[in-house]
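S.K.: structure for the following, please:
(one chain, ligands or ions: 2)
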Amino acid sequence: MHISPVSPARPREAPGWLLDEPFEETSLGTLKSGKEAEVFLIERRYAGGSTVLLAHKRYRPRRPAKGELRALGFQHSTAFRNASVYQAGWFFSSRDRRAVETHTAHGNEVIERMWPIQEMAMLQRAWTAGASVPYPVERTDDGVLMEFIGDMEQAAPRLAQARLTTGEVAAAWKQMLESLRALTAAGLVHGDLSAYNLLWWRDRLVLIDLPQAVEFTTNTDAPELLHRDLGNVAAWFGPRGVAVDVESVFAELLGLAW
Ligand SMILES: Nc1ncnc2c1ncn2[C@@H]1O[C@H](COP(=O)(O)OP(=O)(O)OP(=O)(O)O)[C@@H](O)[C@H]1O
Ligand SMILES: [Mg+2]
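M.R.: Ligands and ions are numbered 1, 2, ... in the order given. Below you'll find the predicted structure:
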């Protein structure tokens, strides 16, 4: 199989809609409420008159005081993902690592602080590598402000809910492979890839939800997570006419990673 690693000759430029002008932001409310985070729609109005929509993904406090979630604007409480497999490559001081391993209150705070940091870092690396991800605008205290995929009328549907023609499914798979190649060539595995963390918008496939992404160099589970990611996407594409040979794609991607 012909392999074309994505290595941008020059740094990938920030999108043109991101202006170097003063701005004001208004929250237009909750867009989606996920297991651990809520995504808010933000309108940013630039002094020059133009307006962009942004998505603000905010992680909920893990152990909120009574009333705290509502006071912070969240609508739901949190269901935790089994996270330890993703944390192998995270850097902690020995004190913090002990606290994390023994699940003390301090350990939980350390982990809570890490998710937004991880998501911003992984989005930046994925973006720089040339993968199709929302442009990461900035990290905030409890989350990440990023490109909103959608328009004034609607947010992009998740691939699991989108209705694609046969031609669009083929195009989506081609884009899926390009993003996977870009990510693995940059040493990264998404780690929670499925039709639920892929958006489809105006012929563009976008990978979202990257806080758990891992590196080949620091996480020995990376190959297994990549294999699982491939299985998940193959399970969506297969019945829609793209027979994915998971093992051969896996082998190709591993070749890029090493
Ligand atoms: N940049 C974005 N543009 C448009 N919609 C987005 C964006 N980011 C997230 N969403 C929407 O918000 C939902 C939740 O986001 P995400 O998957 O990152 O968070 P999560 O808390 O892990 O959610 P879940 O538990 O559903 O996986 C997504 O399924 C998607 O519908
Ligand atoms: Mg998600």
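S.K.: contacts and neighbour counts: CA atoms only from here.
M.R.: Noted.
S.K.: partner strands of the helix or strand containing residue 25 and their direction?
M.R.: If you go by DSSP states H and E, residue 25 is part of strand 23-33. Here strand 23-33 is paired, per DSSP bridges, with strand 37-46 (antiparallel).
S.K.: name the residues that touch the helix or strand just after the strand it pairs with?
M.R.: Counting by DSSP H and E, the next helix or strand C-terminal to strand 37-46 is strand 51-59. With contacts defined as Cα atoms under 8 Å, 6 or more residues apart in numbering, strand 51-59 is touched by 17, 36-45, 115-116, 142-149, 151-152.
S.K.: now list the buried members of these.
M.R.: 36-45, 115-116, 142-149 (16 or more other Cα atoms under 10 Å).
S.K.: out of those residues, which are close to ligand 1?
M.R.: Restricting the buried ones among the contacts of strand 51-59 to those touching ligand 1 (Cα under 6 Å from any ligand atom) yields 36-37, 39, 146-149.
S.K.: I'd like the residues you listed as TSV, with secondary structure and pLDDT appended.
M.R.: Converted to TSV, those look like this (DSSP: H, G, I helix; E, B strand; the rest coil; pLDDT from 0 to 100):
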residue	secondary structure	pLDDT
36	coil	85
37	strand	93
39	strand	97
146	strand	98
147	strand	98
148	coil	98
149	coil	98
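S.K.: mind listing what's buried along the lowest-mean-pLDDT helix or strand in the chain?
M.R.: Sorting the helices and strands of the chain by mean pLDDT, DSSP states H and E puts helix 68-71 at the bottom, at a mean of 79. Of all the residues in helix 68-71, those buried under the rule 16+ other Cα under 10 Å are residue 69.
S.K.: what about the strands in the chain?
M.R.: Applying DSSP state E to the chain gives strands spanning 23-33, 37-46, 51-59, 136-140, 143-147, 188-189, 198-201, 204-207, 214-215.
S.K.: would a markdown table of those strands with distance to residue 237 be doable?
M.R.: Converted to a markdown table, the strands of the chain look like this (distance: least, Cα to Cα, whole Å):
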| stretch | distance to residue 237 |
| --- | --- |
| strand 23-33 | 25 |
| strand 37-46 | 27 |
| strand 51-59 | 27 |
| strand 136-140 | 28 |
| strand 143-147 | 26 |
| strand 188-189 | 19 |
| strand 198-201 | 12 |
| strand 204-207 | 13 |
| strand 214-215 | 24 |
